[in-house]
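J.: below is the sequence, then the predicted model.
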Amino acid sequence: MCLVAEDEGRVVGFLLASMDRRPGIFLERVHGLISDVYVRPAYRRRGVGRELVGAALAWFAERQVSRVRLRTDARDALGVAVWKRLGFETVALTMDRLL
Ligand SMILES: CC(C)(COP(=O)(O)OP(=O)(O)OC[C@H]1O[C@@H](n2cnc3c(N)ncnc32)[C@H](O)[C@@H]1OP(=O)(O)O)[C@@H](O)C(=O)NCCC(=O)NCCS
């Protein structure tokens with residue numbers, strides 16, 4: 001699913017989301033996944049991101065999805081803070097190393 005925010009016909013932000021379906025061994029077989037959110041710099045801090053995320057959560061709720069996930073860079077303190085303001089909390093830690 002792709003949502004766009006427009007200002008007088010010009011796209012100023014977008015959000016990409018999908019249903020994440022998992023094997024039957026998991027109790028929760030489906031959860032929502034927000035994979036990208038972007039708002040043009042000139043339009044930030046005006047509630048556009050909150051509105052996009054709110055619309056995505058409503059879209060999931062209409063489809064009986066009770067949990068929505070996303071991945072964000074743990075080193076990006078600002079990004080983490082924005083997601084917390086939008087009601088998300090950290091439940092997993094992804095680790096990697098260079099080879
Ligand atoms: C993250 C992003 C989508 C937020 O969009 P936005 O339209 O500025 O967000 P909003 O104005 O709706 O703000 C949402 C909440 O985060 C907070 N917030 C947003 N930017 C913030 C900042 N720079 N510093 C502190 N808080 C911030 C707002 O205060 C708001 O909370 P509140 O309503 O409780 O006050 C936008 O900054 C962006 O596109 N960044 C680059 C791409 C990115 O990092 N995407 C996220 C990872 S996928």
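T.: Done, it's in. Everything numeric here is computed off the predicted structure, so don't read it as measured data.

J.: what's the closest non-adjacent residue to residue 74?
T.: residue 80 (6.7 Å; CB to CB, 6 or more residues apart in numbering). Heads up, the C-betas are built off the backbone N, CA and C, glycines and all.

J.: state the distance from that neighbour to the ligand.
T.: Applying CB to the nearest ligand atom, to the nearest Å, the value for residue 80 to the ligand is 10 Å.

J.: for the strand or helix carrying that residue, buried residues please.
T.: For residue 80, the host element (DSSP states H and E) is helix 77-85. The neighbour-count check on helix 77-85 (16 or more other CB atoms under 10 Å) flags 82, 83 as buried.

J.: how far out from the middle of the chain is it?
T.: With CA atoms, centre = their mean, to the nearest Å as the basis, helix 77-85 stands 12 Å off its chain's centre.

J.: who does the most centrally placed residue in the chain form a beta bridge with?
T.: Most central in the chain under CA atoms, centre = their mean is residue 34, positioned 3.3 Å from the mean C-alpha point. For residue 34, the beta-bridge partners are residue 17, residue 70 (DSSP bridges).

J.: contacting residues for it?
T.: 15, 16, 17, 53, 56, 68, 69, 70 (CB atoms under 8 Å, 6 or more residues apart in numbering).

J.: that one and residue 25: what is the separation?
T.: Separation of residue 34 from residue 25 (CB to CB, to the nearest Å): 24 Å.

J.: do I have it right that residue 68 meets residue 35?
T.: No: counting by CB atoms under 8 Å, residue 68 stays clear of residue 35, with 11.2 Å between them.

J.: please name the nearest non-neighbouring residue to the residue in the chain positioned nearest to the ligand.
T.: When scored by CB to the nearest ligand atom, the chain has residue 49 as its residue closest to the ligand, at 2.6 Å. Spatial nearest neighbour of residue 49, chain neighbours left out: residue 39 (5.1 Å); criterion: CB to CB, 6+ apart.

J.: alright, calling it a day.
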